[in-house]
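Enquirer: model the following, please.
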Amino acid sequence: MHVPPDSREKRTWSVIIAAPDRGVFAQKGRYSMASKKTAVELIAMQCTECKRRNYTTSKNRKNTQEKLELKKYCKWDKKHTLHKETKIK
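Expert: Predicted coordinates for the structure are as follows:
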């Protein structure tokens, strides 16, 4: 699709995805040429006792290079436990 250079409106697209295990959902986005790697990344917080990933959050790689370790509430253990940073798969 050709977009005139003087056009200032943002072009968006949407896709309907059917996943048998998660149902049907829509995904929206914007057209872009090449995505740049940003300083902020999404991470998961994994409980050290039950090994479940209970929380997701974002982290600025420039400000904090080391892995996050926070005491968060684990609903499976029903108490506050240490949660460590892991990658989102």
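Enquirer: strands along this protein, start to end?
Expert: Under the criterion DSSP state E, strands of the chain are mapped to 12-19, 23-30, 40-47, 53-60, 69-74, 79-87.
Enquirer: partner strands of the fifth one, with direction?
Expert: I take that to be strand 69-74. Its sheet considered, strand 69-74 pairs with strand 79-87 (antiparallel) by DSSP bridges.
Enquirer: below-threshold pLDDT in the chain: ranges please.
Expert: Within the chain, the stretches with pLDDT under 70 are 1-36.
Enquirer: switch to 80 and redo it
Expert: 1-37 (pLDDT under 80).
Enquirer: can you count the residues close to the closest residue in space to residue 55 that isn't next to it in sequence?
Expert: Take residue 55 and drop its neighbours on the chain: the residue closest to it by C-beta to C-beta, 6 or more residues apart in numbering is residue 45, 4.0 Å away. The way it works is simple: take the backbone N, C-alpha and C, and place the C-beta from them, glycine included. Residue 45: 20 surrounding residues under other C-beta atoms under 10 Å.
Enquirer: quick check, residue 45 in contact with residue 70.
Expert: Yes - Residue 45 is within contact range of residue 70, at 6.7 Å (criterion: C-beta atoms under 8 Å).
Enquirer: give me the common contacts of those two.
Expert: residue 83 (C-beta atoms under 8 Å, 6 or more residues apart in numbering).
Enquirer: now do the residue nearest to residue 49 when sequence neighbours are not counted against residue 88, distance only.
Expert: In this structure, residue 49 finds its nearest non-sequential neighbour in residue 81, 5.0 Å apart by C-beta to C-beta, 6+ apart. Using C-beta to C-beta, to the nearest Å, residue 81 is found at 20 Å from residue 88.
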